[in-house]
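Q: Below is the sequence, then the predicted model.
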Amino acid sequence: MRVVHYLNQFFGGRGGEEAADMAPHIQDGAVGPGRLLEQVFGNDAHIVHTIIAGDNYAAENLEMLTELVVKQVKAAHAELFVAGPCFEAGRYGLVAGALCKAVQSALGIPVVTGMAGENPGVDLYRQELYIVDSGASVSAMRDVLSKMGRIATKLAHHQDIGRPTDEGYIPRGMLHDEFVEQTAAERMVQMLVAKTAGGPFESEFTPPAFAAVPAPAPVADLSKARVVIVTDGGLVPKGNPDNISPYAATNWGAYDISALDDLQGENYEVSHRGYDTRYVEQDPDRLVPVDALRDLEKAGIVGKVHDRFISTSGLANPLANSRRLGHEIAEKLKQEGVDAVILTST
Amino acid sequence: MQVTSVLPVAKMVGSNRVVQGGGIVHVFGDPDLPPEEEKKLRQTILLQAFEALKKQADAS
């Protein structure tokens, strides 16, 4: 099996933080952890190229690096792409995840990486990739590479990958059908009994993990601040001009309220199938409180109500999609000089 | 900051500043109130939202 391996400057033996601006370097054969990876694979795999780049360079030029890596992997006729393992190194993890995702979707070959659960790359890419749980300690390198090798071999031979706990990767949130002896009720009662008694049990459902969000600084002077209302409750002008889907929405809209002191039900509708929308349709101020906000603007308590409100439908939306919408909205509002957001959620 | 009546969800996803709304299906309202009272309720919730915006908040 022909393998291309990606490493950062540190694991590629080029230096620490002082070498983090290093431009990509392509080297024949295995380097550092790659040698160990070949040992783990036995005669089964051969690392044809190792691509090494500095963490800063890679994070700042991700698009360029991705293009280069995909091209290189393709030219090498590689049958497997491996990145890392990255342990807790955040920039490294983000880059490794992005490269694996790009190679996987562009070339359709197996990809595998490894990271500690806290690595920001996990949150972004665990749904799409097999990320071996490396833990934080680099001394586990051999063990981590063994797990990565095992998963890679199975992927290359189109064999089924087992459960995260059995194979050592970070749960991707996938559900598999499986025949079992006990009914759901029996399994649940057993788990509950184990949990109550403080014993071990394994849940069959893992809730999504949310990374900690840093708190934005307080608004220094609200009487000078530009405030915008954003809602995930799906309020849109009659006719839904941006075709915002009532569930799993992929877009958002911005709607002019600069000349309005009060929203009238007859001018709006709600594109959201997750709640009883009658009350908001009757009076949209119940979701986007323009009438009350105008009064506070006139009283000088708040500086300026932004000219538009922003709306999308927050229902049955994959996390990655919601994040993208959030980023887009935040970016736009920053450009427009908004100081504070009031997000109203149904 | 976020105004919602489903506080556990807001906390779960990591909202730093959260104010309780008037109901899941009418975050800024209460259809049982006369219109003027209901608008006052909206103002009250907005003022709470402003207070939250003015205060230092912790990372989630």
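A: It's in. Residues are numbered from 1 along each chain as shown, chains lettered A, B, ... in the order given.

Q: if you skip the residues just before and after it, what's nearest to A:K332?
A: Distances taken as C-beta to C-beta, 6 or more residues apart in numbering or on different chains place A:A254 nearest to A:K332, at 7.5 Å, with adjacent residues excluded. Where C-beta positions appear, they are placed from N, C-alpha and C, glycine not excepted.

Q: check contacts around the spatially most central residue of chain A.
A: In chain A, the residue lying closest to the centroid (C-alpha atoms, centre = their mean) is A:L124, at 2.7 Å. Neighbour list for A:L124: A:94, A:97, A:320 [criterion: C-beta atoms under 8 Å, 6 or more residues apart in numbering or on different chains].

Q: who wins for neighbours among the residues you listed?
A: A:G97 (27 neighbours; other C-beta atoms under 10 Å in any protein chain shown).

Q: Once you drop chain neighbours, what's closest to that one?
A: A:Y125 (3.5 Å).

Q: again with B:L46
A: Nearest to B:L46 is A:A292, by C-beta to C-beta, 6+ apart, at 5.6 Å.

Q: Neighbours of the one you found, how many?
A: So A:A292, with other C-beta under 10 Å, has 22 neighbours.

Q: what do you get for A:A83?
A: For A:A83, the count of nearby residues is 30 (other C-beta under 10 Å).

Q: so what's it bridging to?
A: As for beta bridges, A:A83 partners with A:Y6, A:T113 under DSSP bridges.

Q: hmm, back to that, and of the contacts of A:L124, the nearest to A:V112?
A: A:G97 (11.4 Å; C-beta to C-beta).

Q: The closest one looks like it's in a strand, true?
A: No: judged by DSSP: H, G, I helix; E, B strand; the rest coil, A:G97 forms no part of a strand; its state is helix.

Q: Need the per-residue pLDDT for it.
A: Looking at A:G97, its pLDDT is 97.

Q: picking that back up, burial count for the residue nearest to A:G97?
A: When neighbours are defined as other C-beta under 10 Å, A:Y125 has 24 of them.

Q: What of A:P289?
A: Using other C-beta under 10 Å, A:P289 has 31 other residues around it.

Q: what's the answer for A:V70, then?
A: For A:V70, using other C-beta under 10 Å, the count is 17.

Q: quick one: secondary structure of it?
A: A:V70 - assigned by three-state DSSP - is helix.

Q: which one is it nearest to, not counting chain neighbours?
A: Nearest to A:V70 is A:A106, by C-beta to C-beta, 6+ apart, at 4.9 Å.

Q: Quick check: that neighbour is in a helix.
A: Yes: counting by three-state DSSP, A:A106 is found in a helix.
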